[in-house]
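# I'd like to go over a predicted model; first the sequence, then the structure.
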Amino acid sequence: MPVLNELDYLETAVASVLQQEVPGASELILALGPSSDGTTELAERIAAADPRVRVVYNPQAHIPVGLNLAIRASKHPIIVRVDAHSELAPGYTVQAIETLHRTGAANVGGIMHAQGRNPFQRAAAWAYNSRVGLGGGAYHGGDEEQEAESAYLGVMRREAIESVGLFDESVRRGEDWELNLRLRQAGFRVWFDPALSVTYWPRESPLRLARQFRATGTWRGELVRRYGRSNSIRFFAPPLLFVALIIAVAVAIAQMTGLFSGPWLLWSSIVYVPLALYVLLIAATACVPDAGAHAVRRGLRGRLWTLAVLPTMHLSWGCGFLIGVMHGAHDTVDASRLGTRNTPLP
């Protein structure tokens, strides 16, 4: 479990791991980054109180570095990646191990079931679970067991991931997708099992969400530079939206300053059509009923926040993607976890 500034979530995440029933011995290794909110002290107290928990220190704070440190410090043949911002469902580990054995896969993942504790976070969670929000990847709501491009978190065979070199420490975001790409290229199978469920808690404020998605988009752009067509076409929708917005702003300025007049004024207004359709889509999405047994109940304030959450996700990701494609990600990090303790919105 990579950990950085997770004081509000770490105890419940750890509890969900230690409550897992597994066929044999188990251990939980916390890859602890230099936190500033009291997480370090909490993690050390947890480890001191339970012999199953150990801490390895990750001074760089980068997720793939922490994952590799924890994997190398572990001693069992099955690696269960967990997140300090999530909670494993009861029976998750046993089900995943059974699926590994049944399918012969090297890595198995399930549903990322996003949830929220306040109206903004519930709106973000709803967007995570929606096709409009994150593009409809299998682990955001698929219901058919099948081979997959990637796996959320992942329950992995040590021998398989060691054979491809563990996580690439030069990839700071999207490291799971990149590892699964190398597994598939090496002839291993990656598997999606909808019976597996992990509760995920999104960022708690617009600024943190924007920072997260900008960094994620930047690294996706970097991965496109490295791997080209191996990336799904759905990744290109947000940057196209961002480009459409920039063009519309430029045209609006030209119209207001008189640069476009006569027939040009009319024809140039066509650039507003895609944005108008997008606004209608966002408005309609905000009004969609919260139906289904696992749907996030947004309430009125959550629905209103949806109008801001979706553009924040799409435009931040799209902007980051273009930066990553054109200039590379370099040392871009997810700054949404840095700084002081999270302050939830009312």
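That came through fine.

# may I see the buried residues of stretch 250-263?
251, 260 (16 or more other Cβ atoms under 10 Å). Heads up, the C-betas are built off the backbone N, CA and C, glycines and all.

# no, scratch that, I was asking about stretch 155-171
So stretch 155-171, judged by 16+ other Cβ under 10 Å, has buried residues 155-158, 160-161, 164, 166-169, 171.

# and stretch 302-319, by the same measure?
Within stretch 302-319, the residues scored as buried using 16+ other Cβ under 10 Å are 302-303, 305-306, 308-310, 312-319.

# just for the chain, where's the confidence low?
135-142, 229-232, 291-295, 339-346 (pLDDT under 70).

# and the longest strand for it?
Determined from DSSP state E, the single longest strand within the chain is strand 190-200.

# okay, helices next: where are they in the stretch 201-346 of the chain?
Remark: helices assigned in the stretch 201-346 of the chain by DSSP state H, counting those that start in this stretch are 206-227, 237-256, 263-268, 272-287, 299-327.

# and of those, who's closest to residue 177?
With Cβ to Cβ as the criterion, residue 177 lies closest to helix 206-227 of the helices of the stretch 201-346 of the chain, at 7.0 Å.

# just the CA trace of the closest one, in CSV.
Only the C-alpha atoms of helix 206-227 are listed here, as CSV (Å, rounded to 0.1, in the frame of the first residue of the first chain):
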residue,chain,number,x,y,z
PRO,A,206,-12.2,21.0,-7.0
LEU,A,207,-8.6,22.1,-6.7
ARG,A,208,-7.4,18.6,-5.6
LEU,A,209,-9.5,16.9,-8.3
ALA,A,210,-8.0,19.3,-11.0
ARG,A,211,-4.5,18.7,-9.8
GLN,A,212,-5.0,14.9,-9.8
PHE,A,213,-6.5,14.9,-13.3
ARG,A,214,-4.0,17.3,-14.8
ALA,A,215,-1.1,15.0,-13.6
THR,A,216,-2.9,11.9,-14.8
GLY,A,217,-3.5,13.4,-18.2
THR,A,218,0.1,14.6,-18.5
TRP,A,219,1.3,11.1,-17.8
ARG,A,220,-1.2,9.6,-20.3
GLY,A,221,0.2,12.0,-22.9
GLU,A,222,3.7,10.7,-22.0
LEU,A,223,2.6,7.1,-22.4
VAL,A,224,1.1,8.0,-25.8
ARG,A,225,4.6,9.4,-26.8
ARG,A,226,6.1,6.1,-25.7
TYR,A,227,3.6,3.5,-26.9
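
# so which elements touch that helix?
helix 175-185, helix 237-256, helix 299-327 (3 or more Cβ pairs under 8 Å, 6 or more residues apart in numbering; DSSP states H and E).

# can you list contacts of the second one?
With contacts defined as Cβ atoms under 8 Å, 6 or more residues apart in numbering, helix 237-256 is touched by 135, 217, 221, 260, 265, 268-269, 271-272, 274-275, 278, 313-315, 317-319, 321-322, 325.

# let's see that with 6 Å instead.
For helix 237-256, contacts defined as Cβ atoms under 6 Å, 6 or more residues apart in numbering pick out 260, 268, 271-272, 274-275, 314-315, 317-319, 321-322.

# can I get those residues in a markdown table with distance to residue 330?
Shown next, in a markdown table, are the contacts of helix 237-256 (distance: Cβ to Cβ, whole Å):
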| residue | distance to residue 330 |
| --- | --- |
| 260 | 38 |
| 268 | 36 |
| 271 | 32 |
| 272 | 35 |
| 274 | 31 |
| 275 | 31 |
| 314 | 23 |
| 315 | 21 |
| 317 | 18 |
| 318 | 19 |
| 319 | 16 |
| 321 | 15 |
| 322 | 15 |
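
# what's the most distant pair in these?
Among these, 260 and 317 lie farthest apart (Cβ to Cβ), at 30.6 Å.

# and the helices and strands packed on helix 206-227 as CSV, adding distance to residue 37?
What follows is those, written out as CSV (distance: least, Cβ to Cβ, whole Å):
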stretch, distance to residue 37
helix 175-185, 24
helix 237-256, 30
helix 299-327, 23
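
# and the ones you listed: which comes nearest residue 109?
helix 175-185 (8.6 Å).
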